[in-house]
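Participant: Provide a 3D model corresponding to the input given below.
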Amino acid sequence: MMQEKLDVGKMIFHHTADAWEIWGYPLPRFPDLFVFHVGKHTIPINLSPTKHVVFMVIAALLVFLTMKLAGRAMERQRAGEKAPKGFAAAIEGLVLWVRNDICIANIGHDGAKFAPLIISLFFFILYCNLMGLVPHSATPTGNLAITAGLAILVFLTVEISGFLKLGPKGYLGTIFPHFPGTEGPAAVALAVFMSPIELMSKLVKPFALAVRLFGNMTAGHFVILSLFGIVFIFGQLGFVSWGIGIVTAAIVLGVMLLEMIVAILQAYVFALLSAVFIGLMQHEH
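Facilitator: Now for the predicted structure:
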């Protein structure tokens, strides 16, 4: 009976997909604010909050509270001329690590200017990733639209900061490169020939950022939910089902612990690659 009632695939997509409800309760629906007419078709855009939007806002609030509480604790400790300890010391260590070992190490002396952005991305993505491991919650970074938005933010930062750093002529050099040893018509032809590749490389970077984060966070939840599905599928086998359930629970626990590592690692990788892409554009010649 349990095998007939449970649709494992439906359960997996129900827990990983976005929806206009949370914990079984519908979220407020707003009227369509933007309506586009394409030929005979009408395309409405609904900006009503969804489950992933709600948890994304929660993650942003957690980042704000983390920095606010850590900052106040450090102010109190420094007022008493004491070294930071506890929660404040841990957050300070993480912030300095991201600033020095990710931003400045990969961008250079200008890395301090980009540190607030990279630090915000790191903590925001970290909270989004970890929230998906909490029961009855969701993983905002398991939504391709959200990871794409973060990647577009990094893309605009890379390109705009590069334009301001290199100037119009230098920035065009990143699209139409000049190769040493080539002059005249050959240099122009080679630069024009390579320009589509250079443009594609600019677009591939944010695409890789978005898909990597989305894929890693979604895959882990698929694995965990699929393993849970095994318990229900073989739940009618009597005594044997207890053995299957215990073994599956042990495997799921191991995957959950691995997912915690992946959540931290993916936040680090996104911050690191963002800093690397910014640094490559800042030092382009």
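Participant: Is Ala210 in contact with Leu144, as I believe?
Facilitator: Yes. Taking contacts as C-beta atoms under 8 Å, Ala210 lies within contact range of Leu144: 6.6 Å. Every residue, glycine included, has its C-beta placed from N, CA and C.
Participant: more neighbours, the two?
Facilitator: Ala210 (23 against 16; other C-beta atoms under 10 Å).
Participant: Please report the distance of that one from Ala148.
Facilitator: 4 Å (C-beta to C-beta, to the nearest Å).
Participant: got it, and Ser226?
Facilitator: For Ser226, the distance to Ala148 - C-beta to C-beta - is 26 Å.
Participant: Of these two, which one has the most company?
Facilitator: Ala148 (18 against 15).
Participant: so what's the more buried one up against?
Facilitator: Applying C-beta atoms under 8 Å, 6 or more residues apart in numbering to Ala148 gives the contacts Pro206, Ala210.
Participant: Mind doing that once more with 10 Å?
Facilitator: Ala148 is in contact with Phe155, Pro206, Phe207, Leu209, Ala210, Val211, Leu213, Phe214, counting by C-beta atoms under 10 Å, 6 or more residues apart in numbering.
Participant: sorry, back to before: what is in contact with Ala210 and Ala148 at once?
Facilitator: The contact lists of Ala210 and Ala148 share Phe155, where a contact means C-beta under 10 Å, 6+ apart.
Participant: List just the nearest of the contacts of Ala148 to Leu94.
Facilitator: Nearest to Leu94, judged by C-beta to C-beta, of those is Leu213 at 19.0 Å.
Participant: which residue packs closest to the closest one, ignoring adjacent ones?
Facilitator: Thr147 (4.6 Å; C-beta to C-beta, 6 or more residues apart in numbering).
Participant: Correct me if wrong: the one you found contacts Phe270.
Facilitator: Yes. Using C-beta atoms under 10 Å, Thr147 is in contact with Phe270, at 8.6 Å.
Participant: Could I get the buried residue list for stretch 92-111?
Facilitator: The neighbour-count check on stretch 92-111 (16 or more other C-beta atoms under 10 Å) flags Glu92, Leu94, Val95, Val98, Arg99, Ile102, Cys103, Ile104, Asn106, Ile107, Gly111 as buried.
Participant: Give the closest residue to Gly245 in space, chain neighbours not counted.
Facilitator: Val231 (5.0 Å).
Participant: what does the average pLDDT come to for the strand or helix carrying that neighbour?
Facilitator: Per DSSP states H and E, Val231 falls inside helix 184-233. Mean per-residue pLDDT for helix 184-233: 87.
Participant: Likewise for stretch 21-30?
Facilitator: The model assigns stretch 21-30 a mean pLDDT of 82.
Participant: first to last residue in it, what's the distance?
Facilitator: 13 Å (C-alpha to C-alpha, to the nearest Å).
Participant: Can you read off the pLDDT for Leu258?
Facilitator: On pLDDT, Leu258 comes in at 91.
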